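J.: Generate coordinates for the sequence data below:
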Amino acid sequence: MIRVVVFDDNKDRLDSLKVLINHTEGLECGGTFLNCNTVLDTVADTSPDVILMDIDMPGVNGIEAVKIIRDQYTQLPILMQTVFDDNERVFASICAGASGYILKKASPPQIVQAIHDVYEGGAAMSSSVARQVLKAFQTQMVLQTPANFDLTDREKEILGCLVKGLSHKLIASELFISVHTVNTHIRNIYEKLHVRSVSAAVAKAIKEKIV
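T.: The predicted structure follows:
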């Protein structure tokens with residue numbers, strides 16, 4: 001059972017997400033919260049497996065909340081909800097350590113799949129948000145010599161798939177290898193890039209022109 005905790009300042013959306021989560025096999029809602037002002041206490045009290053986080057909230061916003069959570073919980077999956085076609089917000093979320101991103105207009109099956117993706121270590125990211133991520137990095141990049149992190153050809157191939165926003169399962173299907181093999185390669189990629197999440201690996205891949 002995947003325990004999901006939701007932060008959003010819209011009560012109607014909170015109620016809808018709670019119903020969706022509790023009526024989906026394998027998921028349970030561990031709580032819904034209108035703000036992140038006591039986010040560390042909330043996380044400690046609810047013990048989530050996945051956090052669904054709104055980017056724009058009063059008081060402590062979602063991006064600030066991710067930074068706060070990451071100081072204490074380095075591996076906890078955090079899925080950002082966004083309605084913005086806003087490069088800076090998406091870029092800031094990546095830098096803060098978010099695990100994935102999904103638009104609020106996404107369908108219920110897409111939201112459920114995104115929760116599973118980040119829980120399994122994948123890169124949940126809708127195609128439109130992925131494009132914004134790429135734009136964000138492209139606008140901040142300067143000409144530089146590509147860095148050498150001693151990645152193998154297969155690791156570079158898998159890293160390229162992560163940049164495209166593919167989940168571990170989709171990467172395995174596209175490359176005709178097992179999910180276990182994909183996970184092993186991704187752990188090696190993390191170690192070589194000195195990162196701890198898919199979003200950080202994607203950020204470094206683009207910034208350093210690795211793929």
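
J.: which non-adjacent residue is nearest G97?
T.: R70 (4.2 Å; Cβ to Cβ, 6 or more residues apart in numbering). Any C-beta I mention is one placed from the backbone N, CA and C, and that applies to glycine too.

J.: just checking, that neighbour touches A96?
T.: Yes: using Cβ atoms under 8 Å, R70 is in contact with A96, at 6.8 Å.

J.: more crowded one of these two?
T.: Neighbour totals were compared for R70 and A96, and A96 leads with 20 against 17 (other Cβ atoms under 10 Å).

J.: okay, and the helix or strand of the chain with the least pLDDT?
T.: Every helix and strand in the chain was compared by mean pLDDT, DSSP states H and E; the lowest is helix 127-140, with a mean of 61.

J.: so for whatever helix or strand the residue nearest to G97 lives in, what's the average pLDDT?
T.: Using DSSP states H and E, R70 sits within helix 62-72. In this model, helix 62-72 has a mean pLDDT of 90.

J.: Please apply the same query to stretch 6-24.
T.: Mean per-residue pLDDT for stretch 6-24: 95.

J.: Can you give the contact residues for it?
T.: Defining contact as Cβ atoms under 8 Å, 6 or more residues apart in numbering, one finds that stretch 6-24 is touched by 4, 27-29, 31-36, 39, 51-54, 56-58, 62, 65, 81, 104, 108, 111-112, 115.

J.: Quick check, central residue of this protein?
T.: G100 (1.6 Å; Cα atoms, centre = their mean).

J.: isn't it right up against Q113?
T.: No: G100 lies out of contact with Q113 (Cβ under 8 Å); the separation is 10.5 Å.

J.: how about the helix holding R70: buried residues?
T.: Neighbour-count burial for helix 62-72, counted by 16 or more other Cβ atoms under 10 Å, picks out 62-63, 65-67, 69-70.

J.: ok, back up a step: tell me what the residue nearest to the centre of the chain is bridged to.
T.: Here G100 shows beta-bridge partners L79, assigned using DSSP bridges.

J.: For N37, see how far away it is.
T.: The spacing between G100 and N37, counted by Cβ to Cβ, to the nearest Å, is 24 Å.

J.: just Q72 next, same as before
T.: 16 Å.

J.: now do I177
T.: 45 Å.

J.: Check R3 too.
T.: Relative to N37, and taking Cβ to Cβ, R3 is found at 22 Å.

J.: Likewise for F176?
T.: Taken as Cβ to Cβ, the span from F176 to N37 is 48 Å.

J.: neighbour-wise, which of those two wins?
T.: Taking other Cβ under 10 Å, F176 and N37 do not tie; N37 has more neighbours (13 against 6).
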